[in-house]
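Undergrad: what's the 3D shape of this:
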Amino acid sequence: MSARLVSKPGICGGRPCLKGTRMEPRYVVGVLLETGAYADVAEAYPHLTDEQIRACVEYVQTHPEVMVDP
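TA: The predicted structure is shown next:
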């Protein structure tokens, strides 16, 4: 798992999220899949850095199962 992503019991049901947030990679990548534009992700989540967005994309590329609702 990326240093930017953590998984802790009691936070997001133990699912991976961006460190210091409750933002799961599936939400970030969901915007990208819906719109097809990286700029739309940055606009939807202006509090995220480019590095955080990239970490989410990289994580989902290697763990596509996180895109399924629990």
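Undergrad: and the gap between Asp40 and Val6?
TA: Distance, Asp40 to Val6, using CB to CB, to the nearest Å: 25 Å. (C-beta placed from N, C-alpha, C; glycine too.)
Undergrad: Apologies, that question was intended for Met67.
TA: From Met67 over to Val6 (counting by CB to CB), the distance is 19 Å.
Undergrad: Quick check: buried residues in stretch 6-13?
TA: Cys12 (16 or more other CB atoms under 10 Å).
Undergrad: CA atoms of the lengthiest helix in the chain as PDB?
TA: Longest helix in the chain, counting residues (DSSP state H): helix 50-62. The C-alpha trace of helix 50-62 is given here as PDB (Å, rounded to 0.1, in the frame of the first residue of the first chain):
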ATOM      1  CA  ASP A  50      -1.900  15.700  -7.200                       C
ATOM      2  CA  GLU A  51       0.200  13.100  -5.400                       C
ATOM      3  CA  GLN A  52      -2.900  11.900  -3.400                       C
ATOM      4  CA  ILE A  53      -4.900  11.600  -6.600                       C
ATOM      5  CA  ARG A  54      -2.200   9.700  -8.300                       C
ATOM      6  CA  ALA A  55      -1.800   7.400  -5.300                       C
ATOM      7  CA  CYS A  56      -5.500   6.600  -5.500                       C
ATOM      8  CA  VAL A  57      -5.300   5.900  -9.200                       C
ATOM      9  CA  GLU A  58      -2.200   3.700  -8.800                       C
ATOM     10  CA  TYR A  59      -3.900   1.800  -5.900                       C
ATOM     11  CA  VAL A  60      -7.100   1.100  -7.900                       C
ATOM     12  CA  GLN A  61      -5.000  -0.100 -10.800                       C
ATOM     13  CA  THR A  62      -3.400  -2.800  -8.700                       C
END
